[in-house]
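> this is the structure alone, sequence omitted:
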């Protein structure tokens, strides 16, 4: 244990038995013991960047890997110029189900919003409206660029490049400020090729009001949505989409969220979803782009044309697209699903989640939790598959086998840190305490492993149960 941890307390009976079982398993290795669901398989440090200090970290599960984007600040030595330089950027890494951590590279700026993974790339919203695609494919790990000063930078800053891993980079701010008739947003140039105003801020910067809405003046890029073929930059007032492989502009709709007073939601990213053919947006009822004060779901094709649209309840504030079904919901509304022509398929009475739920593409499932209740929705059948209310109150992860809930051990009810696996029918597949000292802050399911993050360490657990020897008989 580290010096800043709480004084240790006597282990609970359950944790003691778990420790005995683990020791017995180790002693009987090779004698028929088969690891079970929830068994610890490996642990790995997430420190992969080249700089000494990291700040905020974002992790995204993507089927067979966990992609981590960590902003970092510090000083890096330029061996060619023989000088130390101040660097602020983001380090990208990939963690595989076997516990191997691979450094992909480092971006030229820090991330400012939620990234997205599509195919073999992660798409990052960076400072000053830069949208960068970083290739995640196997190959030589990137050391993080050249650390040389940007010769074209107009603001006097030093930027680090990860050209070895960068697929493309675009000025998303320019795209978000133009309609579908605007020019390409792919600048095709080195970092920093942008102009600045007299006050030292980049063109198109906007400010944020005290109520959390923007007034048109800081960065306009809020987040990213992506599929294998198309990437959507979500802006403070609208959206812009580009080709996932090339970064070439596909469409831009600059004014979707703005109301009559010029304000817009602080983060409209939950209002955007994407599949291979369509960009789906949920426009709030008070936006000037809607009619009669009704919220509207709109499906845009790659040319920017409104392929289909439908008025919906204004209580909805998020949208997902899963296996041909478009679902909307919100804290005060029901969960409603539509087909790709926006004909209603179902409206469920189950309490809709407050935030955009994780889903399992290809399995037709949505999972979400509130309190100690986990709900599984079968979108193909248009019904609630299960609703179970006796589970831990904590972090939720999902895969094709079902849902997993992890609970920290420092709650008011003195519950120990544990996780529970729930099948697609709502049955408990297995339940186990975390190893001593592990208090998960996040939980992800990738490639048959559950990855729990605790500080700067990732712990990999087996998601599949098996036969297990027990010292209790």
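Cool, the structure landed. This is a predicted model, so every value here is computed, not measured. Residues are numbered from 1 along each chain as shown.
> could you use CA atoms for every contact and neighbour count after this?
Noted.
> in terms of secondary structure, what does the helix or strand encompassing residue 233 contact?
According to DSSP states H and E, residue 233 maps onto strand 230-235. With contacts taken as 3 or more CA pairs under 8 Å, 6 or more residues apart in numbering; DSSP states H and E, strand 230-235 sits against helix 172-176, strand 221-226, strand 239-243, strand 272-274.
> mean pLDDT added to these, as a markdown table?
Formatted as a markdown table, those follow (pLDDT from 0 to 100):
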| stretch | mean pLDDT |
| --- | --- |
| helix 172-176 | 92 |
| strand 221-226 | 94 |
| strand 239-243 | 95 |
| strand 272-274 | 95 |
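> could I get those as CSV with mean neighbour count and distance to residue 445?
Shown next, in CSV, are the helices and strands packed on strand 230-235 (neighbours: other CA atoms under 10 Å; distance: least, CA to CA, whole Å):
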stretch, mean neighbour count, distance to residue 445
helix 172-176, 26, 31
strand 221-226, 26, 19
strand 239-243, 26, 28
strand 272-274, 25, 21
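> please identify which of those is closest to residue 37.
Ranking those by proximity to residue 37 (CA to CA) places strand 221-226 first, at 31.9 Å.
> can you give me how far the closest one is from the chain middle?
10 Å (CA atoms, centre = their mean, to the nearest Å).
> just the angle between it and strand 239-243, please?
40 degrees (axes from the mean of the first three to the mean of the last three CA atoms, to 10 degrees).
> tilt between strand 221-226 and strand 230-235?
With the same axes, to 10 degrees defining the directions, strand 221-226 sits at 160 degrees from strand 230-235.
> could you list the domains of this structure?
What automatic domain parsing lists as the domains of the chain is 11-46+365-473, 47-192+212-260, 277-356.
> worst mean pLDDT among these?
Among the domains of the chain, domain 47-192+212-260 carries the lowest mean pLDDT, a mean of 76.
> returning to that earlier point: would you turn the domains of the chain into CSV with distance to residue 268?
Listed next are the domains of the chain as CSV, based on distance: least, CA to CA, whole Å:
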stretch, distance to residue 268
domain 11-46+365-473, 20
domain 47-192+212-260, 7
domain 277-356, 9
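> how about the ones you listed, which one is nearest residue 270?
Across these, closest to residue 270 is domain 277-356 (CA to CA), at 4.9 Å.
> ends of the closest one, how far apart?
21 Å (CA to CA, to the nearest Å).
> for this protein, what spans make up the helices?
Using DSSP state H, the helices found in the chain span residues 13-27, 172-176.
> the shortest one packs against which elements?
When you say that, I think you mean helix 172-176. Using 3+ CA pairs under 8 Å, 6+ apart, helix 172-176 is in contact with strand 130-135, strand 230-235, strand 239-243, strand 249-253.
> how about the nearest residue to residue 57, chain neighbours excluded?
residue 70 (4.2 Å; CA to CA, 6 or more residues apart in numbering).
> bridging residues for that neighbour?
Under DSSP bridges, the beta-bridge partners of residue 70 are residue 57, residue 91.
> that one reaches residue 58, doesn't it?
Yes - between residue 70 and residue 58 there is a contact at 6.2 Å, judged by CA atoms under 8 Å.
> settle it for me: which of the two has more neighbours?
Neighbour count, other CA atoms under 10 Å: between residue 70 and residue 58, residue 70 has more, with 23 against 14.
> residue 346 bridge partners, please.
Counting by DSSP bridges, residue 346 forms beta bridges with residue 337.
> residue 379 is nearest to which of the helices and strands packed on helix 172-176?
So among those, strand 230-235 is nearest, using CA to CA, at 23.6 Å.
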